[in-house]
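S.K.: Got a predicted structure here, sequence first:
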Amino acid sequence: MSTAETEPRPAAQPQDPQVEVLTARDVPLGGPRAMTVRRTLPHRSRRMIGAWCFVDHYGPDDVARTGGMDVAPHPHTGLQTVSWLFTGEIEHRDSLGVHAFVRPGELNLMTSGHGICHSEVSTPATTVLHGVQLWVALPDEHRHTARDFHHHSPRPVPLDGGEARVFLGTLADDTSPVPTFTPLLGAELTLHPHATVTLALALDPTFEHGVLVDHGDLRLAGTALHPADLGYLAPGPTTLTLTNTGDTEARLILLGGTPFEEEIVMWWNFIGRSDDDITQAREDWMDSANSGRFGEVHGYPGDRLPAPEFPGTPLKPRGRVR
């Protein structure tokens, strides 16, 4: 899949907030036949939107051609994983003992805390796999919290010109019951052809927002966005205006949160605050039989993933903007 390109940005009107367009890069997920994902966070110009620190967008993926998703047991620290599908089904197993399925329109949120491991495998019934995998950085005071898992099926909320499913936070008079450790927003929006939707953000003008386009051509506050683009909007506006400029339905993921001011170190599947944090997490994973930090995944028919070789230079903490 090629990295999406944007058309030249029209001149911003004085009343329009400034929109930064982040384009995706292609990343193979696993072996040589594995599916390719489009990654927009972390980006060379912006590492985070609120506490959202990782955005992978994949599909529609022909499972018969690529083999689909088969990610062996692997560890996480200091973060939450947010799984959201448009098409297909993924089997989730983790060291909490949770055996669950990720299905379209249903949220699976896993909190790693001090350490967890899990596997993700597309099911035999899946022919097309299409969705997003998102990470949320835990603030320092909560990054060693206990492992946890939440499942939520948000109801569709009608909009004037579309529909929303709010899986985290509050939007359009709907609030997700799933708890978060920092103020967050996560929602899937669909827009009717040529519709303009204005969302009131008056309760959270301190949020920064990101609009990830799944399909369709949009304008965010007057700026063109195309499939796989992530449009960034800084804190300040009390409304957010989206226009579907196409003849077919458009779909997007809306992310938001208060700026995450802590510096973090993110390497492989770990988030810490220092090179020592990451070094220790890698050592604990490679010596899981003795450390017990991550627990075990039961029911996956294969070996766990080994950690990659550690970089030759120390890892440095970085803020939300490079």
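M.R.: Cool, the structure landed.

S.K.: which residue is nearest the middle of the protein?
M.R.: Closest residue to the average C-alpha location of the chain: Leu134 at 1.7 Å, with CA atoms, centre = their mean.

S.K.: Which positions are bridged to Thr87 in the beta structure?
M.R.: In this structure, Thr87 bridges to His130 when assessed by DSSP bridges.

S.K.: Count the residues that sit near it.
M.R.: Residues near Thr87, counting by other CB atoms under 10 Å, number 15. (Each C-beta comes from the backbone N, C-alpha and C, glycine too.)

S.K.: returning to that earlier point: following element in sequence after the one helix or strand the residue nearest to the centre of the chain maps to, please.
M.R.: Using DSSP states H and E, Leu134 falls within strand 128-137. The helix or strand immediately downstream of strand 128-137 is strand 148-152, counting by DSSP H and E.

S.K.: From the contact counts, what lies against that next one?
M.R.: Identification of packing neighbours for strand 148-152 by 3 or more CB pairs under 8 Å, 6 or more residues apart in numbering; DSSP states H and E yields strand 107-111.

S.K.: got the angle between the strand it packs on and strand 148-152?
M.R.: Put simply, strand 107-111 runs at 170 degrees to strand 148-152, going by axes from the mean of the first three to the mean of the last three CA atoms, to 10 degrees.

S.K.: hang on, the residue nearest to the centre of the chain packs against Val82?
M.R.: Yes. Using CB atoms under 8 Å, Leu134 is in contact with Val82, at 4.1 Å.

S.K.: Identify the contacts common to the two.
M.R.: Shared contacts of Leu134 and Val82, defined by CB atoms under 8 Å, 6 or more residues apart in numbering, are found at Gly186.

S.K.: quick revisit: what's the spacing between the residue nearest to the centre of the chain and Thr175?
M.R.: From Leu134 across to Thr175, the span is 19 Å (CB to CB, to the nearest Å).

S.K.: Quick check: buried residues in the helix ranked longest in the chain?
M.R.: Ranked by residue count and defined by DSSP state H, the top helix of the chain is helix 275-286. Neighbour-count burial for helix 275-286 flags Asp275, Asp277, Ile278, Thr279, Gln280, Ala281, Arg282, Asp284, Trp285 (criterion: 16 or more other CB atoms under 10 Å).

S.K.: Which of those sits closest to Phe181?
M.R.: Asp277 (17.5 Å; CB to CB).

S.K.: For the closest one, which non-adjacent residue is closest in space?
M.R.: Val265 (6.5 Å; CB to CB, 6 or more residues apart in numbering).

S.K.: Okay, and the one you found sits in which element?
M.R.: Secondary structure (DSSP H and E) places Val265 in strand 265-267.

S.K.: continuing past that strand, what's the next helix or strand?
M.R.: Moving toward the C-terminus from strand 265-267, the next helix or strand (DSSP H and E) is strand 270-272.
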